[in-house]
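Coordinates for the following, if possible.
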Amino acid sequence: QVQLVESGGGLVQAGDSLRLSCAASGRTFNRYSMAWFRQAPGKEREFVVGINWDASRTYYGDSVEGRFTISRDNAKNTVSLQMNSLQPEDTAVYYCAARGAYRTIVRSTQDYNYWGQGTQVTVST
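This is a model prediction of the structure:
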């Protein structure tokens, strides 16, 4: 069982940066692939970026590649999302998600076993 808690959301202006964090409970965090998703009002939840259990692979969604960076610290049970050059279209609730032990990074929400409660990111013009 893994519990996830996101933090770091807020209101920023276009062009600003923001760093999200996800703290995970449990001793098996280092076995899970992790991902960030986001959901804007009236839209489906969208894959943003994923990282595998040992951070040897990352996979970015097309809309954020080059602007966002995912990282993880298995010693601290955390995964972070550095978001640069934020745009109004990045406005959404951002969710941290974990996928079963040693599984590959995938884009589908259905393949993730554990979710955080989400943190709101709002980017104004």
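
Only C-alpha atoms from now on, for both contacts and neighbour counts.
Noted.

can you list the residues that contact stretch 109-117?
In this structure, residues lying in contact with stretch 109-117 by C-alpha atoms under 8 Å, 6 or more residues apart in numbering are 2-6, 45, 47, 95-100.

what do you get if the cut-off is 6 Å, keeping everything else the same?
Residues outside stretch 109-117 that contact it (C-alpha atoms under 6 Å, 6 or more residues apart in numbering) are 4-5, 95-99.

all strands of the chain, in order?
Counting by DSSP state E, the chain has strands at residues 4-7, 10-13, 18-24, 32-39, 46-51, 58-60, 68-73, 78-83, 92-101, 114-115, 119-124.

as a whole number, average confidence for the first one?
Pointing back at strand 4-7 there. Here strand 4-7 scores 98 as its mean pLDDT.

any weak-confidence spans in this structure?
For the chain, no stretch has pLDDT under 70.
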